[in-house]
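Trainee: Fold the following, please.
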Amino acid sequence: MKGIRLSPSGPVLANGAGAGFNPGTGARLRLNEAQTTVGNSNVIPTAPTPIGNALGSTFIECVMPLPDPGLEYRATVVCDVENPSTNVAGQVELYVETSVDGGTTWSEQASNSHRVNSTEVAPAVPLARTVRLDMPLTFGSTLGVTAGTTALLMRCKIGASSGGNVLLLSSPVTPGGDLKSKGTVYFGFEECF
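Mentor: Numbers count the residues shown, from 1 in each chain. The predicted structure follows:
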């Protein structure tokens, strides 16, 4: 366990008994978050596409400056998916990817699938659901972090293995408008002991 200091020149923290401070595995050191609103016109394609304000355009990423190969990292992605069809049962996949070279290359770290059934027949209300992917604690070294890595980047992709080009990534701007609405697309990226 590395010594933790409140300031670079300060003393190493100790617990109440005077021993070294050891918060245990999974204790959060840093958190980087991002969120966005996404309009209903964002049709989820068959091919996995990075999530951004509009699918396929500038994507959202979380950046962890100066990562440590000996620390662990975890990621969470949450978003809303809607199926406006009356006869197409859909399935979407979420993917968490990381990069250690500034976003030139990306490596998939976690993925999962979610079924989104077709619209209810009566009344005809599009079915929507929240989907989520959690990348569990993973050592920086496993993600490709080495001594001297300047940043660890995280992004998410979404694709539809069935119902592609029918299912929608949805996050309306209301109720708060552009300034206050945080949307239902959320990324969280943590650095942990």
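
Trainee: use CA for all of it now, contacts and neighbours both
Mentor: Noted.

Trainee: Would you map the strands across this protein?
Mentor: All strands of the chain, identified by DSSP state E, fall at 28-36, 49-50, 61-65, 72-83, 90-99, 107-116, 127-139, 151-162, 168-170, 185-192.

Trainee: just those: most buried one?
Mentor: Stretch with highest mean neighbour count among the strands of the chain: strand 168-170 (a mean of 25; mean count of other Cα atoms under 10 Å).

Trainee: quick one, which of the strands of the chain is nearest to Asn42?
Mentor: strand 168-170 (5.5 Å; Cα to Cα).

Trainee: Quick one: mean pLDDT for that closest one?
Mentor: The average of the pLDDT scores along strand 168-170 is 85.

Trainee: Let's test this: name the helix or strand in this structure with the lowest mean pLDDT.
Mentor: helix 177-180 (a mean of 60; mean pLDDT, DSSP states H and E).

Trainee: Would you mind giving me the confidence score for Lys157?
Mentor: Note for Lys157: predicted pLDDT of 94.

Trainee: From Ser111, how far off is the nearest residue to it once chain neighbours are set aside?
Mentor: Residue nearest to Lys157 in three dimensions, not counting chain neighbours: Pro50, with 4.1 Å by Cα to Cα, 6 or more residues apart in numbering. From Pro50 over to Ser111 the distance is 13 Å, taken as Cα to Cα, to the nearest Å.

Trainee: go on, Ala128?
Mentor: Counting by Cα to Cα, the gap from Ala128 to Ser111 is 20 Å.

Trainee: go on, Val166?
Mentor: 21 Å.

Trainee: Contacts only, for Val96.
Mentor: Applying Cα atoms under 8 Å, 6 or more residues apart in numbering to Val96 gives the contacts 75, 77, 108-111, 133, 135, 154-157.

Trainee: Beta-bridge partners for it, please?
Mentor: Ala110, Cys156 (DSSP bridges).

Trainee: neighbours around the nearest residue to Thr142 once chain neighbours are set aside, how many?
Mentor: Sequence neighbours aside, Pro69 is the residue nearest to Thr142 in space, at 7.8 Å (criterion: Cα to Cα, 6+ apart). Neighbour count for Pro69, taken as other Cα atoms under 10 Å: 19.

Trainee: Surely Pro69 is in contact with Thr150?
Mentor: No - if you go by Cα atoms under 8 Å, Pro69 and Thr150 don't touch, sitting 11.6 Å apart.

Trainee: dump the residue contacts of the closest residue to Ala160 other than its chain neighbours.
Mentor: Take Ala160 and drop its neighbours on the chain: the residue closest to it by Cα to Cα, 6+ apart is Val92, 4.2 Å away. The contact partners of Val92, taken as Cα under 8 Å, 6+ apart, are 113-116, 158-162.

Trainee: and which of these is nearest to Thr184?
Mentor: Proximity of those to Thr184 (Cα to Cα) peaks at Ile158, which lies at 14.3 Å.

Trainee: how about the closest one, what does it touch?
Mentor: With Cα under 8 Å, 6+ apart, Ile158 has these contacts: 44, 48-51, 92-95.
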